[in-house]
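# Requesting a structural model of the entry that follows:
(4 chains)
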Amino acid sequence: MDAQTIIARRVAKELRSGDLVNLGIGIPTLVANYVPADLKVFFQSENGLIGTGPIPEQGMAHPTLTDAGGRPISALPGASTFDSAMSFGLIRGGHVDVTVLGGLQVDAEGHLANWMIPGKMVPGMGGAMDLVTGAKRVIVAMQHAAKGKSKIVPRCSLPLTSVRPVNLVVTDMAVIGFPDGRATLLETAPGIGIGEVMAVTEAELVVPDNVPEMRI
Amino acid sequence: MDAQTIIARRVAKELRSGDLVNLGIGIPTLVANYVPADLKVFFQSENGLIGTGPIPEQGMAHPTLTDAGGRPISALPGASTFDSAMSFGLIRGGHVDVTVLGGLQVDAEGHLANWMIPGKMVPGMGGAMDLVTGAKRVIVAMQHAAKGKSKIVPRCSLPLTSVRPVNLVVTDMAVIGFPDGRATLLETAPGIGIGEVMAVTEAELVVPDNVPEMRI
Amino acid sequence: MKAVSVEEAVAMIPAGASVMVGGFMGVGTPERLLDEVTRQRKSGLSLICNDAATPGKGVGKLFDAALVARLTATHIGLNPKAQQQMLANQIDVDLVPQGTFVERIRAGGCGLGGVLTPTGVGTLVAEGKRQIEVDGRPFLLETALRAQFALVHAFLADYLGNLSYALTSRNFNPIMAMAADTVIVTAEHIVPVGVIAPDHVVTPAPLVDYLITNG
Amino acid sequence: MKAVSVEEAVAMIPAGASVMVGGFMGVGTPERLLDEVTRQRKSGLSLICNDAATPGKGVGKLFDAALVARLTATHIGLNPKAQQQMLANQIDVDLVPQGTFVERIRAGGCGLGGVLTPTGVGTLVAEGKRQIEVDGRPFLLETALRAQFALVHAFLADYLGNLSYALTSRNFNPIMAMAADTVIVTAEHIVPVGVIAPDHVVTPAPLVDYLITNG
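Reported below is the predicted structural model:
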């Protein structure tokens, strides 16, 4: 199983029936593929839709029904559409139960940086700052390391997305939570030892006595 | 012609085609009766409607279509309905071209008091404060005097509705405006002399050389 | 969303709870919920509602039964009982301009700390509030308003909890449906999923906690 | 509301004007107006739009023609030309969180001086802004945003100017339709009065100044 699939499958396990969920671009988008059919989750697209469905069949796309990247999507029965003030009212107001976003860095206190690399990549934050500040639960879905460098760092060197700490980080190597405000190793990926995780994690990790393997 | 009819007919002359107009309870409500049929004015009811029509025929009222007093009304073709946030966004945001309200006192600088008499009448301000603060033009439609006492006063003794001065006061005796921020006699009612107006007006009135008679 | 009986729903509301109720002069008010609140005698309520309606109608029933301890509203002039209870100091009343009232509730529902409004500057309404200048213009800081419960009345509710409203009975209902910990809804008609087109849903299903069943 | 040709409408926009444009990644954007803005070469624009779309699409056309001098947006990462022009300092760019962006425009349209949002507190976004505490929680004061013109795209417009929108092409359009001195609208379909039911009108007719005619 590749890294992205491991992450997406594990994040999908965090969703509960009735949850309103916002998935970011990239790995987070894949999460929808692993939600069991009997789990009634509402997916929000922040451009103004609750009830996003899969990519439409060939020839069935409509120019007025797109995701936040402008790509054609479909809508499930019971979907609703609304303007951007309502969309971010839902997000900022705590009505989104879970948001899943990609990350550039997460630090030992759970702070996320995911919107700019000064001097290099300045695309704008889009909805990320509102999502991380306002959603009930924030889950970061990302590779554990990039180009051999840990993305779990003692302290973010990149500009923060929000001062509100995230709730969970799911990587291809581990699940990390922040009980008592400190990065804590909650699970390891199949076939990955605690030592391997520690070796590629720059931030200090609290390691409980019992660290089970991810069930995906 | 009775006092209320004079006032309502004169106020109706202030409306222009395309105007969005909010009429308060009492004399202001009568204004709608004197708008020429070829003048396309949109009437707003602040409980969430643009395009209010006359009281419905017997047996045609619906419990979900009412004015701000809870009384049955009708809606004209092209009407629109919306929530209260939108309704007051229209009002506070300056999208209402003209609001017509009743008054308890208007002072020499155009300040209006119309929402409470301390210790006697404390019904609440409803939408009055937003209307007077936000509408493009504010017209007060009221009797010139109550129980022999001038309602045009040097300075309001009752709590103000807004610090924003009104644009025009139309009474059964006169039309008063506030060019340069000072109460100015613009017109007299049919058969009323300037002297009569001055005699029952407590506030100082600027009297231009030419004060025409109201055309109603 | 969970479908429950009106008795079950109201049983969840403790005495002394803060409760937002939709409606404007009793139009668009969840009458069945108010009847049950009265029957179960939920007293000491902190009521947040545009007005006090009239005796016997809408939230007027709560004043008839003397169940209100605190009231935040914009206008109570058409309910003599509410007036009486206010003047007799049986109810603690906070009167708020209507545009401010709805923006405070919207802020509560949308995660804003408050809004800056020109309404009320220089009047009695400004007392005790922060005044903040933006580009030299003065505004009042009006803070967010939330409640433990919102009692909402819709025209259509589908099986998932999507809501639409009819004409002037919309008023404060969709705003309040975002601003309470628990949202309880009555609807004129309960309809299958899909009857309300996506563009016509005003309150999306995930906002609704409980829908009152028929009968 | 006045019905005008697209040429007449765009002729009213001076070079250097501030212009809000509806749409999200080019979806729900008034393409005909943007084509004409480009044809008439209205340069030095202060553009207020959620994103920079992509080259050749939506407001992307304005960057292709180098007509933008200032940009207020939430995300421009999918338009390399806009990125290039920003990094070369040809455009002055203000990047704003999306929820803050839409609330600032809503405040501009609704007569509010601004809103208090938790978004951006303690980040780069907070620089130069007032931080205000409410009940011990910190918020940023984000001020109202308005423009001289709003270019809006609707799905249906009736002869009076009432507008409705389709699915995700609604996005910022109805909010911007309240926040500009002059509102110019294109619609997929112009229909007789009454085709849009009162409950389905999203932008009431009095907000629309100009509707672009067919052909």
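# Scan chain C for its longest helix.
helix C:98-109 (DSSP state H).
# now the angle between helix D:98-110 and that helix, please.
Angle between the axes of helix C:98-109 and helix D:98-110 is 180 degrees (criterion: axes from the mean of the first three to the mean of the last three Cα atoms, to 10 degrees).
# Who does the spatially most central residue of chain A form a beta bridge with?
Residue closest to the average C-alpha location in chain A (Cα atoms, centre = their mean): A:Val100, at 2.2 Å. A:Val100 forms beta bridges with A:Leu23, A:Ile139, as assigned by DSSP bridges.
# ok, it - contacts?
A:Val11, A:Val21, A:Asn22, A:Leu23, A:Gly24, A:Pro28, A:Val31, A:Ile139, A:Val140, A:Ala141 (Cβ atoms under 8 Å, 6 or more residues apart in numbering or on different chains). Backbone N, C-alpha and C define where each C-beta goes, glycine included.
# Tell me which helix or strand A:Leu131 sits in.
helix A:128-134 (DSSP states H and E).
# Please name every helix or strand in contact with the lowest-mean-pLDDT helix or strand in chain C.
The weakest-scoring helix or strand in chain C, judged by mean pLDDT, DSSP states H and E, is helix C:80-87 (a mean of 94). Applying 3 or more Cβ pairs under 8 Å, 6 or more residues apart in numbering or on different chains; DSSP states H and E, one finds that helix C:80-87 contacts helix C:60-64, strand C:68-73.
# Give me the next element, helix or strand, following that helix.
Going down the chain from helix C:80-87, the next helix or strand is strand C:92-95, by DSSP H and E.
# Other residues contacting that next one?
Applying Cβ under 8 Å, 6+ apart, the set of residues contacting strand C:92-95 from outside is B:Val122, B:Gly124, B:Met125, C:Ala69, C:Arg70, C:Leu71, C:Thr72, C:Ala73, C:Thr74, C:His75, C:Ile76, C:Met86.
# Run a quick neighbour tally on the residue of chain A at minimum distance from chain B.
Closest residue of chain A to chain B, Cβ to the nearest Cβ: A:Ala85 (9.4 Å). The number of residues packed near A:Ala85 is 23, by other Cβ atoms under 10 Å in any protein chain shown.
# That one belongs to a strand?
No. Counting by DSSP: H, G, I helix; E, B strand; the rest coil, A:Ala85 is not found in a strand; it is helix.
# Who are the contact partners of it?
Here A:Ala85 is in contact with C:Cys110, D:Val102, D:Glu103, D:Arg106, D:Ile175 (Cβ under 8 Å, 6+ apart).
# go on, A:Asn114?
Contacts of A:Asn114 (Cβ under 8 Å, 6+ apart): A:Leu101, A:Gly102, A:Gly103, A:Leu104, A:Gln105, A:Ala128, A:Val140, A:Thr161.
# Identify the single longest strand in chain A, thanks.
The longest strand of chain A (DSSP state E) is strand A:74-81.
# Show me how far that strand is from its chain's centre.
Put simply, strand A:74-81 sits 22 Å off its chain's centre (Cα atoms, centre = their mean, to the nearest Å).
# Next, the buried residues of that strand.
The neighbour-count check on strand A:74-81 (16 or more other Cβ atoms under 10 Å in any protein chain shown) flags A:Ser74, A:Ala75, A:Leu76, A:Gly78, A:Ala79, A:Ser80, A:Thr81 as buried.
# Let me see the backbone angles for the nearest residue to A:Met198 once chain neighbours are set aside.
Excluding its sequence neighbours, the residue lying closest to A:Met198 (Cβ to Cβ, 6 or more residues apart in numbering or on different chains) is A:Leu205, at 6.4 Å. Here is the backbone geometry of A:Leu205 (degrees, to the nearest 10): phi -110, psi 130.
# In chain A, what residue comes closest to chain D?
Of all residues in chain A, A:Pro123 sits closest to chain D, at 2.6 Å by Cβ to the nearest Cβ.
# Using the three-state scheme, assign that residue.
coil.
# contacting residues around it?
Residues near A:Pro123 by Cβ under 8 Å, 6+ apart: A:Trp115, A:Met116, D:His75, D:Ile76, D:Gly77, D:Leu78, D:Gln83.
# So which bits of chain A are right by chain C?
Listed as neighbours of chain C in chain A under the rule Cβ under 8 Å from any Cβ of the partner chain: A:18, A:20, A:42, A:49-51, A:75, A:77-82, A:85, A:88-95, A:97, A:133-134.
# Report the buried members of these.
By 16+ other Cβ under 10 Å, the residues of chain A next to chain C give A:18, A:20, A:42, A:49-51, A:75, A:78-82, A:85, A:88-93, A:95, A:97, A:133-134 as buried.
# Pretty sure A:Leu160 sits against D:Ala126.
No. At 10.4 Å, A:Leu160 does not count as touching D:Ala126 under the criterion of Cβ atoms under 8 Å.
# A:Ala108 versus C:Leu62, what's the distance?
52 Å (Cβ to Cβ, to the nearest Å).
# Give me the more crowded residue out of these two.
Neighbours per residue (other Cβ under 10 Å) separate C:Leu62 from A:Ala108, with C:Leu62 holding more: 25 against 22.
# Now do the same contact list for that one.
Applying Cβ under 8 Å, 6+ apart, the residues near C:Leu62 are C:Leu34, C:Val37, C:Thr38, C:Leu45, C:Leu47, C:Val68.
# Now, of those residues, which are buried?
Burial by neighbour count, judged by 16+ other Cβ under 10 Å, picks out C:Leu34, C:Val37, C:Leu45, C:Leu47, C:Val68 from these.
# Show me the helices in the chain, by range?
Here I'm looking at chain A. Using DSSP H, helices in chain A cover A:3-12, A:27-30, A:84-92, A:128-134, A:194-199.
# actually chain C
C:6-11, C:31-39, C:60-64, C:80-87, C:98-109, C:173-176.
# List the buried residues in the lowest-mean-pLDDT helix or strand in chain A.
In chain A, the helix or strand scored least confidently by mean pLDDT, DSSP H and E is helix A:27-30, which has a mean of 93. Of all the residues in helix A:27-30, those buried under the rule 16+ other Cβ under 10 Å are A:Ile27, A:Pro28, A:Thr29, A:Leu30.
# tell me what that helix is packed against?
Helix A:27-30 packs on helix A:3-12, going by 3+ Cβ pairs under 8 Å, 6+ apart.
# Please name every helix or strand in contact with the helix it packs on.
Packing partners of helix A:3-12 (3+ Cβ pairs under 8 Å, 6+ apart): helix A:27-30, strand A:137-141, strand A:168-170.
# Provide the strand pairings for the shortest one, with the direction of each partner.
Put plainly, it is strand A:168-170. Applying DSSP bridges, strand A:168-170 is found paired with strand A:137-141 (parallel), strand A:174-177 (antiparallel).
# Any chance of CSV for those, columns mean neighbour count and mean pLDDT?
Shown next, in CSV, are those (neighbours: other Cβ atoms under 10 Å in any protein chain shown; pLDDT from 0 to 100):
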stretch, mean neighbour count, mean pLDDT
strand A:137-141, 24, 98
strand A:174-177, 23, 98
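# how many neighbours does the closest residue to C:Leu78 other than its chain neighbours have?
The shortest distance from C:Leu78 to any non-neighbouring residue, by Cβ to Cβ, 6+ apart, is to C:Thr54 (5.6 Å). Applying other Cβ under 10 Å, we find 18 other residues in the vicinity of C:Thr54.
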